[in-house]
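> would you be able to build a 3D model of this:
(one chain, ligands or ions: 1)
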Amino acid sequence: MIDGHTQLVGLIGWPVEHTLSPTMHNAAFDALGLNYRYLPLPVEPGRVEAAMRGLPALGFRGANVTVPHKQAVMPHLEEITDSAQAIGAVNTIVVQDGRLVGHNTDGHGFLATLRKPGFKPAGKRALVLGAGGAARAVVYALAQANCTVAIHNRTVQRAAKLAHDMQDMDLCAPVTWTPINTQITDLNLDQFDLLVNTTPVGMWPHTDNAPWPKNLSFPSHWIVFDLVYNPPETRLLRHARELGARTIGGLGMLVRQGARAFEMWTGEKAPVEIMRSTCEQTLKDKI
Ligand code: ATR
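Residues are numbered from 1 along each chain as shown. The predicted model follows:
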């Protein structure tokens with residue numbers, strides 16, 4: 001029930017109609033009996049500053065931030081954590097005594113999901129496909145966890161820029177990128193332990209696409225992690241599973257980054273399994 005004590009959080013993005021986050025967070029609030037509501041907050045590009053000023057003015061406890069505003073919100077926050085600064089994007093805002101504090105929970109969500117099946121990233125080697133915003137969070141989290149990273153991206157300059165940014169931080173395991181004209185088929189795949197797809201290739205409705213050559217094998221000791229969560233098993237993951245690799249879909253990361261934000265706003269332990277099953281059911285209902 002919404003009443004005079006209801007605490008508000010929401011998702012700032014454009015558009016926000018297709019997001020799972022309101023359903024996921026509201027199910028979590030209900031499960032713990034918390035008087036909170038999570039709202040979709042569509043914010044047109046150009047109105048980000050006004051939206052930021054509105055959060056404390058309207059008494060919001062915080063917000064998530066999604067595409068295309070993860071960078072645009074940053075100049076309007078009073079404080080940004082080191083990891084969000086290093087990633088260069090904010091996906092969670094907490095309102096503390098009227099001040100806006102920006103966090104990034106994507107890296108945490110990624111690592112927590114990767115570690116769940118017992119994988120230990122320290123000392124391992126990862127091949128990351130893509131060099132956009134999602135890749136920045138993944139590469140930072142892996143390098144921080146002492147996992148060596150090679151970035152392969154359609155636009156080589158972007159991969160090089162991401163690797164340089166990480167090298168400049170001087171806090172990580174080595175981060176490199178594959179040189180221009182290098183195809184995935186040119187790489188010595190046995191040198192890697194982990195493949196992470198951060199590109200949107202294979203996402204619904206283009207489920208026949210994959211960011212991996214059709215006839216190329218996966219070493220069977222690999223873990224293959226696809227950040228795409230719709231469909232739950234992408235073509236990349238199906239291919240990897242059929243060749244004996246262990247696979248992880250993107251839903252776990254969505255849930256874990258959300259759980260971390262939930263805990264920051266409420267101070268309560270997030271009901272992760274309820275959040276996950278709510279997302280799974282919502283995705284099933286959509287298909
Ligand atoms: P996000 O914030 O979700 O990571 P993004 O910043 O737009 O989104 O980055 C998308 C990434 O997927 C980029 O690395 C992009 O490659 P480019 O840097 O060359 O644009 C990659 N990507 C998107 N569509 C792709 C496609 N069809 N094939 C290969 N890579 C693709």
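
> and the residue in the chain that the ligand sits nearest to, how many neighbours?
Using Cβ to the nearest ligand atom, Gly132 is the residue of the chain that sits closest to the ligand, at 1.9 Å. Bear in mind the C-beta positions are built from the backbone N, C-alpha and C, glycine included. For Gly132, the count of nearby residues is 15 (other Cβ atoms under 10 Å).

> spatially, what comes nearest to it if we skip its sequence neighbours?
Thr198 (6.7 Å; Cβ to Cβ, 6 or more residues apart in numbering).

> the one you found: what's it in contact with?
Taking Cβ atoms under 8 Å, 6 or more residues apart in numbering, we find Thr198 in contact with 128-132, 134-135, 138, 227.

> hang on, the earlier thing: for the residue of the chain closest to the ligand, give me phi and psi.
phi -90, psi -160 (degrees, to the nearest 10).

> can you list the residues of the stretch 151-287 of the chain near the ligand?
153-155, 158, 198-201, 211 (Cβ under 6 Å from any ligand atom).

> distance of the residue nearest to Gly132 relative to Tyr36?
From Thr198 across to Tyr36, the span is 31 Å (Cβ to Cβ, to the nearest Å).

> where does the protein dip in pLDDT?
287 (pLDDT under 70).

> find the residue at the geometric middle of it.
The residue lying closest to the centre of the chain (Cα atoms, centre = their mean) is Asp106, at 4.0 Å.

> excluding covalently adjacent residues, which one is nearest to it?
Using Cβ to Cβ, 6+ apart, the nearest residue to Asp106 is Ala137, at 3.7 Å.

> what number of residues lie near the one you found?
Neighbours of Ala137 using other Cβ under 10 Å come to 30.

> before we move on, the earlier item: list phi and psi for the residue nearest to the centre of the chain.
phi -70, psi -40.

> and the one 5 residues further on, by the same measure?
Backbone geometry at Leu111, expressed as degrees, to the nearest 10, gives phi -70, psi -40.

> do I have it right that it meets Ala122?
No. Leu111 is beyond contact range of Ala122, at 11.0 Å (criterion: Cβ atoms under 8 Å).

> what about the strands in the stretch 151-287 of the chain?
Assigned by DSSP state E, counting those that start in this stretch, the strands in the stretch 151-287 of the chain fall at 175-177, 194-197, 223-226, 246-248.

> dump these to JSON lines, plus distance to Ser83.
Shown next, in JSON lines, are the strands of the stretch 151-287 of the chain (distance: least, Cβ to Cβ, whole Å):
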{"stretch": "strand 175-177", "distance to Ser83": "15"}
{"stretch": "strand 194-197", "distance to Ser83": "18"}
{"stretch": "strand 223-226", "distance to Ser83": "19"}
{"stretch": "strand 246-248", "distance to Ser83": "22"}
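
> make JSON lines out of these and add distance to Ser277 and mean neighbour count.
What follows is the strands of the stretch 151-287 of the chain, written out as JSON lines (distance: least, Cβ to Cβ, whole Å; neighbours: other Cβ atoms under 10 Å):
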{"stretch": "strand 175-177", "distance to Ser277": "36", "mean neighbour count": "20"}
{"stretch": "strand 194-197", "distance to Ser277": "24", "mean neighbour count": "25"}
{"stretch": "strand 223-226", "distance to Ser277": "20", "mean neighbour count": "26"}
{"stretch": "strand 246-248", "distance to Ser277": "17", "mean neighbour count": "20"}
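
> the residue nearest to the centre of the chain: what's it in contact with?
Asp106 neighbours (Cβ under 8 Å, 6+ apart): 87, 89, 91, 134, 137-138, 141, 253, 257.

> okay, now Met74: neighbour count?
Using other Cβ under 10 Å, the number of residues around Met74 comes to 18.

> and it, how far from Leu114?
With Cβ to Cβ as the criterion, Met74 and Leu114 are 26 Å apart.
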